[in-house]
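J.: structure for the following, please:
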Amino acid sequence: MKLDVFSLLVLLGAVQALFFSVFLLFSPSNNRVQKRSLAFFIFILSYNGFETLNWSTNAGGLFKLFELFPFIVIFGLGPSLYLYVRSFNNEAMIPKTRKHYIIIWVALAVRISLIVLWILSKDKQRAVSIVNWTSSIAELLSVIWFWGYYVLAVRAFRKLVPENTKNGSWVPEEAALITRWLKTLLIVMGIFAVTWFVTVIVPTYVYHIWSGPQYYVLEVMLVVFIYWIGFTGYQRTKVIYITQQKKTQSYFDNLPKEEVEGSVSALQQAMEQDRLYLDPDINVNSLAAHLKINPKTLSAVLNQHLNKGFAEYVNAWRVEAVKKMMLDPANGHLTITGMAYECGFNSQPTFQRAFKTQTGQTPREFQAMYMQNLS
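T.: You can find the predicted model right below:
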């Protein structure tokens, strides 16, 4: 294993990105999509750094994982950028975010199938050729996939500013801060996208150069970007978060007491009688429209008066509904997951996490304790 200056820079960048992504994942935020998408975005850069380190140091035996499963996690880079940009809109939840990452699982399944093919094949050389050809296709697809989501991110950004300024979700100071940060991020990622495209297409498909050195420029750019976003990105995100918190607090402080109490009462009725939590696609805007109040007012009441984020509040009602279903013998034919979906949850991990947070138990532990009390 050789560790030259290039490899050392990549190693330091990858380690920093890994720690930053973990730190970001557990940092406080009312916008979970924003936090998680940026954390995963940074993690993918970290993974890519370790993957680069694998071939630049000839450490194939040490990092076999990266040789066996290349061009898989990288497919999540574009979706993470898009979801991060979109998360700045006035949406408490972005519906079905997981669908944007399905291609990662598809790429993983294809890769596992190819490994099995290589293991079972009698003609190892031919099997290796198929694997290598598939890797080259996957690399090209990863570039195209990123470009597609980069375009979506730019479109989301263009809609973001006028929509949030028009409906009053952003004050001028906040709009300028967020606009400047996202514009800088998209410009930097645009330069990266062009460099990535040229690096992959020109040497590989024009001059048929398949070795690693043509990636040096791209990888050095990524290392610089990791250091940049590790400092600037975190600071800007932190400032935006603090600004939004102050704005929400200030807005709530100026709300009449009667309006706050009326909103809480209407919210209670919407959940208790109308059971709006059963709609898996419900968000702040749709709930506010039903209550006939300003989305900004609803968010302020939830965050400042009830001390809960929108998703936390709605999921609490869903958990209570699931608990009632679990305790009803008439629902014995249903699975716990089936009950969760009937009560408005649209993913099992979200349900498990919400249930454990609210009850301190997993759904099965809760059910087992109930059955034990009956016996």
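
J.: just the helices in the stretch 51-200 of the chain please.
T.: Taking DSSP state H, counting those that start in this stretch as the test, the helices found in the stretch 51-200 of the chain are 64-68, 77-86, 102-120, 124-166, 172-201.

J.: from the middle of its chain, how far away would the third one be?
T.: Think helix 102-120. Between the centre of helix 102-120 and the centre of its chain there are 23 Å (Cα atoms, centre = their mean, to the nearest Å).

J.: quick one: the helices of the stretch 51-200 of the chain as JSON lines, columns for distance to residue 275 and mean neighbour count too.
T.: (Glycine included, C-beta is placed from N, CA and C.) Formatted as JSON lines, these follow (distance: least, Cβ to Cβ, whole Å; neighbours: other Cβ atoms under 10 Å):
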{"stretch": "helix 64-68", "distance to residue 275": "47", "mean neighbour count": "14"}
{"stretch": "helix 77-86", "distance to residue 275": "28", "mean neighbour count": "25"}
{"stretch": "helix 102-120", "distance to residue 275": "30", "mean neighbour count": "14"}
{"stretch": "helix 124-166", "distance to residue 275": "29", "mean neighbour count": "15"}
{"stretch": "helix 172-201", "distance to residue 275": "35", "mean neighbour count": "16"}
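
J.: got TSV for those helices, with mean pLDDT and distance to residue 346 too?
T.: Shown next, in TSV, are those (pLDDT from 0 to 100; distance: least, Cβ to Cβ, whole Å):
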stretch	mean pLDDT	distance to residue 346
helix 64-68	70	32
helix 77-86	92	16
helix 102-120	87	15
helix 124-166	82	21
helix 172-201	82	27
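
J.: which one of those helices lies nearest to residue 359?
T.: Distance to residue 359, taken as Cβ to Cβ, is lowest for helix 77-86 among the helices of the stretch 51-200 of the chain, at 29.3 Å.

J.: give me the angle between the closest one and helix 172-201.
T.: Using axes from the mean of the first three to the mean of the last three Cα atoms, to 10 degrees, the inter-axis angle of helix 77-86 relative to helix 172-201 is 170 degrees.

J.: which residues does helix 77-86 contact?
T.: 33-34, 37-38, 40-41, 44-45, 94, 97, 100-101, 145-150, 152-153, 156-157, 160, 182, 185-186, 189 (Cβ atoms under 8 Å, 6 or more residues apart in numbering).

J.: repeat that for 7 Å
T.: Outside helix 77-86, the residues within contact range by Cβ atoms under 7 Å, 6 or more residues apart in numbering are 33-34, 37-38, 40-41, 44, 94, 97, 100-101, 145-146, 148-150, 152-153, 156-157, 182, 189.

J.: likewise for stretch 98-118?
T.: Contacts for stretch 98-118 (Cβ under 7 Å, 6+ apart): 68-69, 71-73, 75-76, 79, 83, 124, 127-128, 130-131, 134, 138, 145, 347.

J.: next up, phi/psi of residue 274, please.
T.: Main-chain torsions, residue 274, degrees, to the nearest 10: phi -80, psi -20.

J.: that one: neighbouring residues, count only.
T.: Residue 274 has 12 neighbours, counted by other Cβ atoms under 10 Å.

J.: these two touch, right, residue 31 and residue 89?
T.: No - look at residue 31 against residue 89 with Cβ atoms under 7 Å: they stay out of range, at 10.0 Å.

J.: how close does residue 40 sit to residue 221?
T.: Distance, residue 40 to residue 221, by Cβ to Cβ, to the nearest Å: 20 Å.

J.: check residue 333 too.
T.: From residue 333 to residue 221 the distance is 57 Å (Cβ to Cβ).

J.: looking at the two, which one has more neighbours?
T.: A count of neighbours by other Cβ under 10 Å puts residue 221 above the other of residue 333 and residue 221, at 16 against 6.

J.: what's the helix or strand for the more buried one?
T.: In the assignment (DSSP states H and E), residue 221 maps to helix 216-228.

J.: next one: residue 322
T.: Using DSSP H and E, residue 322 falls in helix 310-326.

J.: alpha carbons only: can I get the next helix or strand after that helix in CSV?
T.: Using DSSP H and E, the helix or strand that follows helix 310-326 in sequence is helix 336-342. Extracted in CSV, the C-alpha atoms of helix 336-342 (Å, rounded to 0.1, in the frame of the first residue of the first chain):
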residue,chain,number,x,y,z
ILE,A,336,-48.5,-4.6,13.0
THR,A,337,-47.1,-3.1,9.8
GLY,A,338,-50.5,-3.4,8.2
MET,A,339,-52.0,-1.4,11.1
ALA,A,340,-49.3,1.2,10.8
TYR,A,341,-50.1,1.8,7.1
GLU,A,342,-53.8,2.0,7.9
